[in-house]
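[1] Attaching a predicted model along with its sequence, questions to come.
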Amino acid sequence: MNNRKQNIPKRIIWLPDILLILAGILLDQFTKHLAVVCLKGSQPVSLIPGVLELRYLENRGAAFGMMQGAKVFFLIITPVILAAVIYALIKMPSDGKFRVLHILLDCVAVGAVGNMIDRIRLDYVVDFIYISLIDFPIFNVADMFVSIACVVGAILILFSKKYKDEDFRFLSFKQKQSIPKEEDSPENEKE
């Protein structure tokens, strides 16, 4: 019974990750559905004149329109990215210090899966958010999840004193080497 109690927290720690990923994917797909229903074939909708508008675009490339027509590449690289995210989530400690990193990795997964669903289902990604003030490429909610997660993650890891290099040893593929106990050391055998 004691072992069962110890296993419960490991199972529960995945629940917030799974719920966040599912909620993010649903939000992304719902907003894309609204874009298709409300914006496709219509004039752009200005939310903040001269700053922000909603404009329908069928993107056959990556985020922000890069690498047009590379569907096969994205269908190969997306599972690789998801595998890396899952590996990091599995290996990452679950204490409070790493909770924000869990959330950031969840956001990367949301973006990868959200856009992959479009590529598989439609052969393109639905983009609809346009920042006209700076003529920024049209993007979607999945792109926002990935971009924000990458920027915040980079800032936290590079500039925060919260994390040190040693904190990321859990990502290593190398097996942990056991440190010999004092009684097992060669010097004690001579005595």
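    It's in. None of the values given here were measured: they were computed from a predicted structure. Numbers count the residues shown, from 1 in each chain.
[2] So the residue nearest the centre of the chain versus Pro137, what's the distance?
    For the chain, the residue sitting closest to the mean C-alpha position, by Cα atoms, centre = their mean, is Val108 at 1.1 Å. Val108 sits 19 Å away from Pro137, going by Cβ to Cβ, to the nearest Å. C-beta: built from backbone N, CA, C; applies to glycine.
[3] do the same with Leu104
    23 Å.
[4] more neighbours, the two?
    Leu104 (23 against 16; other Cβ atoms under 10 Å).
[5] What strand or helix carries the more buried one?
    According to DSSP states H and E, Leu104 maps onto helix 96-122.
[6] Give me the mean pLDDT for that helix.
    Helix 96-122 shows a mean pLDDT of 92 in the predicted model.
[7] What residues sit buried inside it?
    98, 101-102, 104-119 (16 or more other Cβ atoms under 10 Å).
[8] Just give me how far it sits from the chain centre.
    3 Å (Cα atoms, centre = their mean, to the nearest Å).
[9] Numbering from 68 from now on, please.
    OK, 68 is where the count begins now, so the last one is helix 163-189.
[10] Would you tell me what the next helix or strand after it is?
    Taking DSSP H and E, what comes next after helix 163-189 is strand 192-198.
[11] Which positions within that next one qualify as buried?
    Val192, Val193, Asp194, Phe195, Ile196, Tyr197.
[12] Can you tell me the SS state at Pro204?
    coil (DSSP: H, G, I helix; E, B strand; the rest coil).
[13] Pull up the gap between it and Asn126, please.
    Taking Cβ to Cβ, one finds Pro204 at 9 Å from Asn126.
[14] where do the strands sit along this protein?
    Per DSSP state E, the chain carries strands over the ranges 112-115, 119-126, 192-198.
[15] residues near Leu89, how many?
    That count, for Leu89 with other Cβ under 10 Å as the rule, works out to 13.
[16] Now do it, the pLDDT please.
    96.
[17] where does the protein dip in pLDDT?
    68-80, 129-134, 136, 242-258 (pLDDT under 70).
[18] Do a quick rundown of the helices in it.
    69-106, 138-158, 163-189, 208-226, 253-257 (DSSP state H).
[19] Most tightly packed of those?
    helix 163-189 (a mean of 19; mean count of other Cβ atoms under 10 Å).
[20] how much does it deviate in direction from helix 138-158?
    With axes from the mean of the first three to the mean of the last three Cα atoms, to 10 degrees applied, the angle from helix 163-189 to helix 138-158 works out at 150 degrees.
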